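1. take a look and give me a structure for this.
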Amino acid sequence: MATRPKTTITLALLATTLLASCLEGKSTEDAPIVFGKPQNGENAPFDTPAVFDIRLSSLAPGADFGFIVQSQFTTGQREIFSAGNTLPTDIVFNGFDRFGAGTLIGAYGFDFTGTTAIDRYLPIFAIDQNNAFVDSNLNGIFQEALEPKIVHTGGNGEVHLVRVTAPFGGDGDQTTATAGFNSNITFGLRTGLFTHGNTAGVQTVGMTFTSIDPDTDDADDKAGFAPITIVGNFQPVIQFDTLSASVLPGTRSVLFDTVATFFAIIANAATTEASNCGVSLASPLPADFTFQTTNPATNQPIGNANTTINIASGGFQSFILSLTARPEFFNTSQRPFPDQDVEFLFDCDNTSPASVFVGINTLGFSASTVPVPDIITNAATVQNNGILTLAPDTGAGAFALAGVNIGAQDTITVTPRTNFTSPLVLNICDTTGQAGGACINPPASNVVVVFEKDVARTLSVFGSSGQAIALDPAGKRVFVDFVDSAGKIRGSTSVAVQFSPNP
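-> Prediction:
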């Protein structure tokens, strides 16, 4: 087996410094529906699904979070007309359009075969602050009469409600009253749409499923046979993180049906052992996912795939993760893969999951039918602790980068940036092949290089500031993005930053 890059120590340092910061189917019925009259779906069951679970992507006070709802429905059961999530009054709803109107904010995933892998992926796009839609026609255009709509109401002292309404049971077919297939359903909204209040303790999160009205195959007509509703409540405990996690590299860009591997660390800051720790896919995706423990000294896999492990108090465990994007066809055409920051649940039986931080423990992932650049990057700071520390007397500092393109050759623009409103001035230069890491050209705001396949490059990033920058490994970081000629990020890495000037 080829030697893997030794990213474990950097990942462990990143994880521990984070802890310091954030201690199409049809019904089997023969008779069509005649609206306004009882249907042969009138006595169809609408039972509590065998799978009925809600998980928040973070439980830390003041943390951004998203959520994942998993449910299961069976052939012959009444179709669902609506599903609603209730969230506590003290959370902040940041708006479906927090990342911009029209942006991807989540997905529905359907597993028809019982393998847990998603067989049909339906993206969710923001419309405006309180409205989003499920793009079931996969054309990016909201067709309100046919496609599910997601609406947020509440807040300002009232319970938040996120309700999905599916016309005609979500299949757009007015002649079906019951489900024509078995399905495990995963509904996920990305982290950042909501923020927890600052109060720890037990909270109540609710879930309500309401069937179609069998008289209409749609909304309740208040006559004849009534819809059926099932309700479930969950009580997550809002508490400060004891787990943290990090992922390297920050992006992978591969071909369909090609395994993309990457590394992760889970660190346990609790005073007790964390039991049965593992990694699961939080973002609904048409992709296969695995995790496996590795030897921290070599990054070589050990044990069995998808097997959890205990992590001692104050300890950490390294993993190798893999994603394999499966091609999906719609109307005989292969659909593009939904490029996004993939979220994971790093969790143990007796802990809350590690909070999600985009670019730190997420993976920017894409899949395509033709080769594209795929740049594996890593950063090295002076003290090898993952922190760019500016000199107290000059406010200046630097760190080094290394990257290798294991994908297709392309012209790449490399640009440093911060993830916060920053007084930091950043410049970068190419140092490939230079003795002592000297710059080939004077440092500038970005560097444009031709990144050949299987050729490594080195760069240096220089930062300076005239104002103090408090250490916040999750909230104050310097990212370096490798952008291809099509404007896609094909590589990314980051370091924390701090500056304590002399009095």
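2. which residue is nearest the centroid of this structure?
-> With distances taken as Cα atoms, centre = their mean, the residue of the chain nearest its centroid is Glu343 (2.4 Å).
3. what sits closest to that one if chain neighbours are left out?
-> Once flanking residues are discounted, Glu343 sits nearest to Ala282: 4.2 Å by Cβ to Cβ, 6 or more residues apart in numbering. The C-beta positions use only the backbone N, C-alpha and C, and glycine is treated the same way.
4. count of neighbours near that neighbour?
-> 24 (other Cβ atoms under 10 Å).
5. same question, Leu426
-> 22.
6. what helices or strands is the host helix or strand of it leaning on?
-> Using DSSP states H and E, Leu426 sits within strand 425-430. If contacts are counted by 3 or more Cβ pairs under 8 Å, 6 or more residues apart in numbering; DSSP states H and E, strand 425-430 sits against strand 410-418, strand 447-451, strand 456-464.
7. helix, strand or coil for Gly95?
-> Using DSSP: H, G, I helix; E, B strand; the rest coil, the structure places Gly95 in coil.
8. isn't it up against Ala132?
-> No - counting by Cβ atoms under 8 Å, Ala132 is not a contact partner of Gly95; they are 9.9 Å apart.
9. anything in contact with each of the two?
-> Counting by Cβ atoms under 8 Å, 6 or more residues apart in numbering, the common neighbours of Gly95 and Ala132 are Ala126.
10. which one's more surrounded, these two?
-> In this view Gly95 and Ala132 are compared by other Cβ under 10 Å, and Ala132 has more residues nearby, 28 against 19.
11. got a list of what the more buried one touches?
-> 96, 105-106, 124-126, 149-150.
12. got a winner among these for most neighbours?
-> Phe96 (26 neighbours).
13. where's Phe346, which helix or strand?
-> Secondary structure from DSSP H and E places Phe346 in strand 344-347.
14. neighbouring strands of that strand in the sheet, and parallel or not?
-> Sheet pairing of strand 344-347 (DSSP bridges) gives strand 274-281 (antiparallel).
15. so after the partner strand, what's the next helix or strand?
-> strand 287-293.
16. gap between the two ends of stretch 420-430?
-> In terms of Cα to Cα, to the nearest Å, the two terminal residues of stretch 420-430 are separated by 25 Å.
17. which other residues reach that stretch?
-> Identification of contacts with stretch 420-430 by Cβ under 8 Å, 6+ apart yields 414-418, 439-447, 449, 457-467, 469, 475-478, 480, 497.
18. same question for stretch 384-400.
-> For stretch 384-400, contacts defined as Cβ under 8 Å, 6+ apart pick out 9-10, 13-14, 17, 379-383, 431, 437, 458-466, 469, 471, 473, 478, 495-502.
19. recalculate using a threshold of 7 Å.
-> With Cβ atoms under 7 Å, 6 or more residues apart in numbering as the test, stretch 384-400 has contacts from 10, 13-14, 17, 379-381, 383, 437, 458, 460-466, 478, 495-502.
20. please apply the same query to stretch 404-419.
-> Stretch 404-419 is contacted from outside by 253, 371-376, 424, 426, 428, 445-456, 459, 461, 477-485, using Cβ under 7 Å, 6+ apart.
21. how does the protein divide into domains?
-> Per the record, the chain has its domains at 1-23+241-370, 29-238, 372-503, by automatic domain parsing.
22. mean pLDDT added to these, as CSV?
-> Below are the domains of the chain laid out as CSV (pLDDT from 0 to 100):
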stretch, mean pLDDT
domain 1-23+241-370, 87
domain 29-238, 87
domain 372-503, 96
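23. how far away is the residue nearest to Val480 when sequence neighbours are not counted from Phe337?
-> Excluding the flanking residues, the one nearest Val480 by Cβ to Cβ, 6+ apart is Pro416, at 4.9 Å. Distance, Pro416 to Phe337, by Cβ to Cβ, to the nearest Å: 28 Å.
24. now Ser71
-> In this view, Ser71 and Phe337 are 25 Å apart by Cβ to Cβ.
25. how about the contacts made by Thr381?
-> Thr381 makes contact with 387-388, 399, 495, according to Cβ under 7 Å, 6+ apart.
26. tell me the one among those nearest to Asp218.
-> For the contacts of Thr381, the residue nearest Asp218 by Cβ to Cβ is Val495; the value is 53.5 Å.
27. which element, helix or strand, includes Gly180?
-> Under the criterion DSSP H and E, no helix or strand holds Gly180.
28. same check on Phe110?
-> Element membership for Phe110 (DSSP H and E) is strand 104-111.
29. kindly export that strand (C-alpha atoms) in PDB.
-> What follows is strand 104-111, C-alpha atoms only, in PDB (Å, rounded to 0.1, in the frame of the first residue of the first chain):
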ATOM      1  CA  LEU A 104     -28.400  25.100  -2.000                       C
ATOM      2  CA  ILE A 105     -29.500  24.800   1.600                       C
ATOM      3  CA  GLY A 106     -30.300  21.100   2.000                       C
ATOM      4  CA  ALA A 107     -31.800  18.000   0.400                       C
ATOM      5  CA  TYR A 108     -34.300  15.200   0.500                       C
ATOM      6  CA  GLY A 109     -32.800  11.700   0.000                       C
ATOM      7  CA  PHE A 110     -34.800   8.600  -0.700                       C
ATOM      8  CA  ASP A 111     -33.500   5.100  -0.200                       C
END
